[in-house]
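1. Take a look and give me a structure for this.
(4 chains)
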Protein chains: 4
Amino acid sequence: MPIRTLVWGENVHEQKNKVVADNYPEGMHGQIAKLLSEDSNISVKTATLQEPEHGCTEAALAETDVLMWWGHAAHGDVEDVVVERIAKRVWEGMGLIVLHSGHFSKIFKRLMGTPCALHWREAGERERVWVVNPGHPIARGLPAHFELEMEEMYGEPFSVPEPLETVFISWFQGGEAFRSGITYRRGAGNIFYFRPGHETYPTYHDATVGQVLRNAVNWAYNPESHPELMDAPNRSIDKALEPIEERGPRLHAHGEEGFR
Amino acid sequence: MPIRTLVWGENVHEQKNKVVADNYPEGMHGQIAKLLSEDSNISVKTATLQEPEHGCTEAALAETDVLMWWGHAAHGDVEDVVVERIAKRVWEGMGLIVLHSGHFSKIFKRLMGTPCALHWREAGERERVWVVNPGHPIARGLPAHFELEMEEMYGEPFSVPEPLETVFISWFQGGEAFRSGITYRRGAGNIFYFRPGHETYPTYHDATVGQVLRNAVNWAYNPESHPELMDAPNRSIDKALEPIEERGPRLHAHGEEGFR
Amino acid sequence: MPIRTLVWGENVHEQKNKVVADNYPEGMHGQIAKLLSEDSNISVKTATLQEPEHGCTEAALAETDVLMWWGHAAHGDVEDVVVERIAKRVWEGMGLIVLHSGHFSKIFKRLMGTPCALHWREAGERERVWVVNPGHPIARGLPAHFELEMEEMYGEPFSVPEPLETVFISWFQGGEAFRSGITYRRGAGNIFYFRPGHETYPTYHDATVGQVLRNAVNWAYNPESHPELMDAPNRSIDKALEPIEERGPRLHAHGEEGFR
Amino acid sequence: MPIRTLVWGENVHEQKNKVVADNYPEGMHGQIAKLLSEDSNISVKTATLQEPEHGCTEAALAETDVLMWWGHAAHGDVEDVVVERIAKRVWEGMGLIVLHSGHFSKIFKRLMGTPCALHWREAGERERVWVVNPGHPIARGLPAHFELEMEEMYGEPFSVPEPLETVFISWFQGGEAFRSGITYRRGAGNIFYFRPGHETYPTYHDATVGQVLRNAVNWAYNPESHPELMDAPNRSIDKALEPIEERGPRLHAHGEEGFR
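-> I've put the predicted structure just below:
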């Protein structure tokens, strides 16, 4: 069964800015979905901010194995209840791939527990992405490095937790370097942050970027669901795996639920 | 200058439960503070839930290098604004040490980005803590293992992110094992979670536990402050470190602030 | 194409010790191979210490995607040239799964760069393996914990590098806990160490252990080869990706190879 | 008591190459020692390849808390017995700081378990080092970035294990980026690799580089020694921490030592 992937696009600049609209006539989400659909192992749907519940209803997420997220101008418009719903699905095992300006999305900050800040510059400068971890599944089939002739610069320090693994680092024409492909796991869900993707440049028309995104979906996919990672059950004494006898004073009544 | 440490105690069961009150007549925070004050390199204050802003005012946190947190019954009563204030101080560089049932505190869940759930049992069973990383500063001066004759059991899976380092794992009489000492960094702030510390048992009267807590404070201390980790400045083209010329279409006006 | 897996068995105690011979009449390698062959995605061969070049010839390794290693009594008899050959294949991308007493094998110590020591006891005591990372591919389909009624005890500190991820920790009847499933990557090769497997007990007849081993092979498999990770080429100035001019004094003649 | 630091210099190019000799009239080790001695918490000695046992006798290492290593042309001349001796001291808790071309030293490769290869170019190009982890002790007091006007380029992939933490990444004028400050722990010993330091350029006359090296020594220092990390004792049944009875068949006689 193919990996059910939902591409979420904010879809704001596509509507307001002629450059972006011309660059991505089917929306950024539409173009990203197109890149993913080149992999027969991936089935793709899209959702946007403007849809009810931003297209991330309980039902939609229940049928999503991997969520890919692009947002920029309207992070604040994403409802908190939807953010929590997505976080819960990630903890259960849904993969999450956060693109570019999504570093400041509510869902990414929620899962990282850090500011996720960085320095930036919009100058259409050259970015060269270097593979530092060629054995990682997300680097599969990639050249040793690839260039995006015009990109927005992101500079360090990128205030995220130390990643599980660093897959890419980027060189920028203006003098900066940046950790541009990093992985995490939160609960049972795999998370990949990928830096490139400024809306006024043709990044999501780049074939290598497409390969990265398809690799990331395949890597992030977890066929299992682990809702138990949100539970904190009382394992009662009579069901202990080794025989024990109760000792000492107690706070909780037998069978009581814990505090949260 | 000594490390300015603030011991935060929920101070609920000490007031309501005779066992806890007898166990910790000066409050759990009082007893923990006493353990810390054995180290002349540490200066200690305490704060409790019942104080205005839970004793975690802007002024109090500004004078805190390391915050130690014990809470259980009243996680929900901690105001969100205080939680965010503490998170900000951690990102700047304040150390945070979270004890036992604090795994479900708002501040720990906020900084981990995960449910932080686990299994538990209150049976007064034996816990044996094993040092798995003897070279870590938090393990300094400790024996290869130490026992707490009566403790609450915590069982895996503990739904936290993969730690930076695992320092301790625990064996429980009833058959469970648990990662009981784990480290993280969030922003510039060092975080240590230490498992033992159920309020009805004499854990914070144990000398080895005291050594762990003092070691943790010394390890977590960061003399620097990094508020810049919350900023996302636009590094303008004319101030680029390498000479670049603007190219391509742009979204932002010159000098504009970014979206967040 | 299935994952070409080579199960390496030392095959010493099977020949000398009646208990082991009765336990594993087809050799431990034979029984482990049988467990793997339950997965149609895995094709299995075996090799033993006694074969020429221990069955790990250049040709054999060239056709191996994942190597599984069980050794105990004769670590010292494995020729260094074969160890280096295996290390090279791991760096290129071959997966390596090290079992039980293989913690002291030359190849594991070579790749870890540490003593890989631990405490032990042979008492036929109960081991309970806990899944601490249920979202990890190696934990797929496993219960929350599983028991091996009789196993050798391994105790901490296990002097290995901090793992990339900890998948399992074990509880032992005699009071110890141990990190019993840990992952690494060295070069492009994935490495998994799995603790259980003492030769006098029926561990490799256990269905859950079989599931772990099959999962590990699937996880460790890397379809790519990265021999370039062993090269240190001089990227000459005229081929620099950005135009630069030579400056300052130089040590190397143009086009010279570097020192190693 | 100050941190007893031994600066090891290969001392080959200083003798053979006029540029290097003029750059470092007291030897590279002499100049590095000078940088360290600006910290009153550090006491410094030096040693070179040409001394008996390369100046790394048992006695010398026994009195060394942190070893700093610069080598390039003569890695192969370092005797294996000395390499093993140093590795053992690192496992016990001695800090190790490996500089620049030391990435190919025997001791670094020994402790990493990987090829430690990279791409390189000697063109006197600009390197800009970015702090990606400002909260790390090695980054203390540093600016957000610093420049070395002329340096040798090192390019990715750098075939080392995923670091415990990445502290610096570098930008190069010719188009490359590199992880230039990375940490590890092996046994009880802290290891830091720092990239800059080509012998024909004035890198070790740079004040910021001096600060990095002093920070690294302070960070790497471990006051404790853990020789037990090399032992694999048999914890006998009668001394088990929990009462157990022997069961099942056994391989080892009682009290026997294990295989290694």
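
2. so how far is the one helix or strand residue A:22 maps to off the chain centroid?
-> Element membership for residue A:22 (DSSP states H and E) is helix A:18-23. Distance of helix A:18-23 from the chain centroid (CA atoms, centre = their mean, to the nearest Å) equals 25 Å.

3. tell me what that helix is packed against?
-> If contacts are counted by 3 or more CB pairs under 8 Å, 6 or more residues apart in numbering or on different chains; DSSP states H and E, helix A:18-23 sits against helix A:13-16. Yep, even glycine has a C-beta here, placed from its N, CA and C like the rest.

4. quick one: contacts of the helix it packs on?
-> When contacts are defined by CB atoms under 8 Å, 6 or more residues apart in numbering or on different chains, helix A:13-16 is touched by residues A:20, A:21, A:24, A:27, A:28, A:72, A:73, A:199, B:251.

5. for the record, mean pLDDT for the helix holding residue A:22?
-> The average pLDDT for helix A:18-23 rounds to 94.

6. which residues sit against it?
-> For helix A:18-23, the external contacting residues (CB under 8 Å, 6+ apart) are A:13, A:14, A:15, A:28, A:199, A:200, A:201, A:202, B:249, B:251.

7. Next, the buried residues of it.
-> Judged by neighbour count (16 or more other CB atoms under 10 Å in any protein chain shown), helix A:18-23 contains these buried residues: A:20, A:23.

8. Cross the contacts of helix A:18-23 against strands and list the overlap.
-> Under the assignment DSSP state E, the contacts of helix A:18-23 contribute nothing to strands.

9. Secondary structure element for the residue of the stretch 1-150 of chain A found nearest chain C, which one?
-> For the stretch 1-150 of chain A and chain C, the shortest gap (CB to the nearest CB) falls at residue A:135, measuring 2.9 Å. Per DSSP H and E, residue A:135 falls between elements, in no helix or strand.

10. Could you measure from it over to residue C:223?
-> 11 Å (CB to CB, to the nearest Å).

11. Between the two, which is the more surrounded one?
-> Comparing residue A:135 with residue C:223 by other CB atoms under 10 Å in any protein chain shown, the one with more neighbours is residue A:135, at 26 against 11.

12. ok, the residue nearest to that one when sequence neighbours are not counted - contacts?
-> Nearest residue to residue A:135 in three dimensions, chain neighbours excluded: residue C:188, at 2.9 Å (CB to CB, 6 or more residues apart in numbering or on different chains). Residue C:188 makes contact with A:134, A:135, C:91, C:92, C:93, C:222, C:224, C:225, C:226, C:229, according to CB under 8 Å, 6+ apart.

13. What about the last one, how many residues nearby?
-> By that I understand residue C:229. By other CB under 10 Å, neighbour count at residue C:229 equals 24.

14. That one against residue D:116, yeah?
-> No. In this structure, residue C:229 is not within contact of residue D:116 by CB atoms under 8 Å, at 9.7 Å.

15. Mutual contacts of those two, please.
-> Common contacts of residue C:229 and residue D:116, defined by CB under 8 Å, 6+ apart, comprise residue D:159.

16. Mind jotting down where the helices sit in the stretch 51-200 of chain A?
-> Using DSSP state H, counting those that start in this stretch, the helices of the stretch 51-200 of chain A run over residues A:58-62, A:80-92, A:106-112.

17. Strands of the stretch 151-260 of chain A, residue ranges please.
-> Per DSSP state E, counting those that start in this stretch, the stretch 151-260 of chain A carries strands over the ranges A:165-172, A:177-186, A:189-194.

18. What is the last one packed up against?
-> Using 3+ CB pairs under 8 Å, 6+ apart as the contact definition, the elements that strand A:189-194 packs against are helix A:80-92, strand A:95-99, strand A:177-186, helix A:207-220.

19. and the longest one with strand A:189-194, angle?
-> What it means is helix A:207-220. Between helix A:207-220 and strand A:189-194, the angle comes out at 170 degrees (axes from the mean of the first three to the mean of the last three CA atoms, to 10 degrees).

20. Point out the residues in chain A that sit beside chain D.
-> Applying CB under 8 Å from any CB of the partner chain, we find that chain A lies next to chain D at A:128, A:130-134, A:144, A:155-158, A:162, A:165-166, A:169-172, A:175-179.

21. Only the buried members of those: can you turn that into a ChimeraX selection?
-> In ChimeraX, this line selects whichever of those come out buried by 16+ other CB under 10 Å:
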select /A:128,130,131,132,133,134,155,156,157,158,162,165,166,169,170,171,172,175,176,177,178,179
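
22. Bridge partners for the spatially most central residue of chain A, pull those for me.
-> In chain A, the residue lying closest to the centroid (CA atoms, centre = their mean) is residue A:97, at 2.6 Å. Taking DSSP bridges as the rule, residue A:97 bridges to residue A:68, residue A:192.

23. In contact with it, which residues?
-> Here residue A:97 is in contact with A:66, A:67, A:68, A:69, A:191, A:192, A:193, A:194, A:213, A:216, A:217, A:220 (CB under 8 Å, 6+ apart).

24. hmm, which of the residues you listed are the buried ones?
-> Buried among these by 16+ other CB under 10 Å: A:66, A:67, A:68, A:69, A:191, A:192, A:193, A:194, A:213, A:216, A:217, A:220.

25. Would you tell me which residues of chain A are close to chain C?
-> Contact residues, chain A versus chain C (CB under 8 Å from any CB): A:93, A:128, A:133-137, A:140-141, A:144-145, A:164-165, A:173, A:185, A:187-190, A:222-224, A:226, A:228-229, A:241-242.
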